[in-house]
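*Asks:* coordinates only, sequence not included:
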């Protein structure tokens, strides 16, 4: 039997309207009573929190494409590979010279520029405002990224959009210090070199004594490739592009907007009596 399920959020567990199918919620809750179910996401823990609570999980969460592991039970970072402040400042200075727009993920918040706000972050902020203040995801507009780097203990990653983002990613400084992975069609996540979902998941599996060939991982985008190829069963969503589907061991029968595809997959791989690898 498989011993752990690792799930991406956006484009996988989440539908396009940022909700989770009630059928999938019930299935994940049922499975989590038997084996660890773990969220492995590009999101900050503050914006993943509502879904983690909705799914009723108890496991730590791997955030920002493996930059850190967060424990909601004790509200603490368990392990991390954060950017140094010096490298983060150099990144910001270089980004300012290119036609790119940045989001910075710091200790407990997502930050974007008052002067160059990103539409997807604006939409995410509007979504966050629907939650009570005590549990509201922390997303703020700021004047100066350099000042914010000094104010916060950790810088987890940057996300960039813009026509020059590919050229920016190819620059020697970025190649030396950062791992860049597409998290959306026109959006690249830049974390400290060595950080991937697969690397963080490998480290976590070693700590809990589960072999990678005994896990199932499900995702839909390029930042999921490292965990899909690590897992004994790597599953791509039908909404993933063809390159990712070719790398996976299996592809879901429907997209993330289907209420039953991922829930049915969990049934087949984990919950059907007598099912084994």
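*Replies:* Ah, there it is. Quantities reported herein were computed from a predicted structural model and do not represent experimental measurements. Residues are numbered from 1 along each chain as shown.
*Asks:* Provide a list of residues in contact with the residue nearest to residue 82 when sequence neighbours are not counted.
*Replies:* Spatially, and ignoring its direct neighbours in sequence, residue 82 is nearest to residue 154 (4.3 Å; CB to CB, 6 or more residues apart in numbering). Where C-beta positions appear, they are placed from N, C-alpha and C, glycine not excepted. Shown in contact with residue 154 (CB atoms under 8 Å, 6 or more residues apart in numbering): 68, 77, 80, 82, 106-107.
*Asks:* same thing but at 7 Å, please
*Replies:* 80, 82, 106-107 (CB atoms under 7 Å, 6 or more residues apart in numbering).
*Asks:* All the strands of the stretch 101-250 of the chain, residue numbers only.
*Replies:* Taking DSSP state E, counting those that start in this stretch as the test, the strands found in the stretch 101-250 of the chain are 101-106, 109-113, 139-142, 155-161, 178-184, 187-192, 215-219, 233-236, 250-251.
*Asks:* ok so, going back, distance of the residue nearest to residue 82 from residue 45?
*Replies:* Distance of residue 154 to residue 45, computed by CB to CB, to the nearest Å: 11 Å.
*Asks:* Show me where the stretch 51-200 of the chain has its helices.
*Replies:* Ranges of helices within the stretch 51-200 of the chain are 85-97, 119-128, 145-151, 165-169, 172-177, 197-208, based on DSSP state H, counting those that start in this stretch.
*Asks:* for these, which one sits closest to residue 216?
*Replies:* Nearest of those to residue 216, taken as CB to CB: helix 197-208 at 11.7 Å.
*Asks:* how big is the angle separating the closest one from strand 178-184?
*Replies:* 110 degrees (axes from the mean of the first three to the mean of the last three CA atoms, to 10 degrees).
*Asks:* Let's have the helices of the stretch 51-200 of the chain in JSON lines, adding mean pLDDT and mean neighbour count.
*Replies:* Converted to JSON lines, those look like this (pLDDT from 0 to 100; neighbours: other CB atoms under 10 Å):
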{"stretch": "helix 85-97", "mean pLDDT": "95", "mean neighbour count": "16"}
{"stretch": "helix 119-128", "mean pLDDT": "94", "mean neighbour count": "15"}
{"stretch": "helix 145-151", "mean pLDDT": "97", "mean neighbour count": "15"}
{"stretch": "helix 165-169", "mean pLDDT": "89", "mean neighbour count": "17"}
{"stretch": "helix 172-177", "mean pLDDT": "96", "mean neighbour count": "13"}
{"stretch": "helix 197-208", "mean pLDDT": "97", "mean neighbour count": "19"}
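*Asks:* Cheers, nothing more for now.
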